Structures are given as C-alpha cells and as structure tokens.
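Asker: Here is a sequence with its predicted model. Questions after.
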Amino acid sequence: MENKSIRPELFATVTQGEDIGKLTVNVTSERDNRPIEGASVRITYDGQPNNIVEETTTNSEGQIPDVELNAPPIDYSMAPGANKPYAEYTIYVSAPGYETLEVSGAEIFSGELAIQNAALLPISPTDPTGAELYVIPDHTLWGDYPPKIAEDEIKPIDESGEIVLSRVVIPEYVVVHDGPPSDQSAINYYVKYKDYIKNVASSEIYSTWPEATIQANVLAIQSFTLNRVFTEW
C-alpha cells in the first residue's frame, strides 16, 4: 500500500471529529500486466465483511480512482498516542477468468491518497475456486513488534559472498530474507529496489508528516539498505 499527499480542497465536507482519505485501486493481470476493465471491487471496514462502504467496477484503465473513505483526524499521526492514526479497510477484487483477491488491513490516512495495486492470477484448471489473501500487518509505529535483532554497528567487508562489491552501488533488486539471518530455511524474495524503498517507507513512517521529514527518513532508509548491499550482511 502506497500513500501520497493530496490537496485538501479535493475533500468533501466531513462530520465533526472525522476526516477523509482517498483510495485508488489498480487492477491488472498478473500474466501480462494488462489493465482489467470491469473488475468488481468491494470495500468494507476491516473485520466487517457485511458492512460495504463502496462497490463498483474498474474503468477502461483497470482503476477505481479516488474513493473517499473515513479516516481518523490527522492529529493522531503527528505524535504518539492512544488513538490509531489510520482506518483499516478490506478490499475484495474479482473478475471473470481470474482468481479472486482479498487485501485485508489497507491503511487510510486523513488527507492522503492510498494506492493499492491488485494483480490477478488467471484461474487454474486444477483449482477453479482459487483465491489469494494478503494481510497487511499493523504499521510499525502502531503495532507491537519484537525488538530489532542485535548486530555489530561496523561489519567486516573482507568476507566473500555471491558478489564482492568494490564500491557502493544502487542495485536493481534487493534480496529480502524472510526470517533471521541464522534461519537458512527462510525464503529469499527478490524485490525491485524502488519498490522495496517505497514499501519500507510506507510501513515505517506516516505519509501525513511534513515533506522534509519524509525525505529525511527515506534517505535514512536508503542509506541503511545500501549498507546491507555493500556489506552483504
């Protein structure tokens, strides 16, 4: 889920103590990245599948653009507090000839445009009822997560790995190890560098923050990531 700032004048009038965020859903075919026109998209409050907020079909570009959704006040995301700073929604996507897709936990912030990409898989002849489920966990700043794994601040760079780098480079892909470094059975995912940085930023900082704050955090995320690539840790 990606969040981008949008102009406040785009918003409709909201009720007292309640703000508005926006959601755009892009539906494509996993096979050829082609937009899927006429796909059904249903949006509900997270955990309330019968409470339908919006139900519509995608346009010729495979989109449902700028759906207005209720969100908590923007002040909740400006300082730590007891109130969750975002609203959570579930997005259901279906289209003829494709598996259904469900995204649970889509985060909507006040004054922000959230972009949810939905790539549908063609129905398999051996599993015509196939479906995909993606659960977005709590935001890092809100959820209760274990502490960071301890590591040396300065790492050796004289150990050989797959590729020994002579300088810091920006890679096309980064390898994400889905587990602690000692767990050799954990899956490795190859993720495009730009997508990785975008996803980490969306998970670890709030899009409601001032632009300079977001830029500083993204620079820190990139520095940390490039250190990982350079040291092959």
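Answerer: Looks like it arrived, so ask away. Residues are numbered from 1 along each chain as shown.
Asker: From now on I want contacts and neighbour counts done on CA atoms only, so please keep to that.
Answerer: Noted.
Asker: This protein: strands as residue ranges?
Answerer: Listed from the start of the chain, the chain has strands (DSSP state E) covering 2-5, 19-29, 40-45, 48-57, 63-71, 87-94, 100-108, 112-120, 131-135, 173-177, 188-192.
Asker: Spatially nearest residue to Glu54 (excluding sequence neighbours)?
Answerer: Leaving aside its sequence neighbours, Glu54 sits nearest to Ile43 (C-alpha to C-alpha, 6 or more residues apart in numbering; 5.1 Å).
Asker: Next one: the one you found from Pro137, what distance?
Answerer: 18 Å (C-alpha to C-alpha, to the nearest Å).
Asker: repeat for Asn199
Answerer: Distance, Asn199 to Pro137, by C-alpha to C-alpha: 13 Å.
Asker: Likewise for Val53?
Answerer: Counting by C-alpha to C-alpha, the gap from Val53 to Pro137 is 21 Å.
Asker: With Lys198 instead?
Answerer: Using C-alpha to C-alpha, one gets 16 Å for the distance from Lys198 to Pro137.
Asker: More neighbours: these two, which one.
Answerer: Lys198 (16 against 12; other C-alpha atoms under 10 Å).
Asker: and the strands of the chain as CSV, adding distance to Trp142 and mean neighbour count?
Answerer: Formatted as CSV, the strands of the chain follow (distance: least, C-alpha to C-alpha, whole Å; neighbours: other C-alpha atoms under 10 Å):
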stretch, distance to Trp142, mean neighbour count
strand 2-5, 16, 20
strand 19-29, 19, 22
strand 40-45, 19, 20
strand 48-57, 21, 13
strand 63-71, 15, 19
strand 87-94, 12, 22
strand 100-108, 12, 22
strand 112-120, 18, 21
strand 131-135, 16, 12
strand 173-177, 23, 16
strand 188-192, 25, 13
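Asker: just so I know, which of those lies nearest Glu232?
Answerer: With distances scored as C-alpha to C-alpha, the stretch of the strands of the chain nearest to Glu232 is strand 173-177 (10.1 Å).
Asker: counting contacts, what elements does the closest one pack onto?
Answerer: Taking 3 or more C-alpha pairs under 8 Å, 6 or more residues apart in numbering; DSSP states H and E as contact, the helices and strands that strand 173-177 lies on are strand 188-192, helix 193-204.
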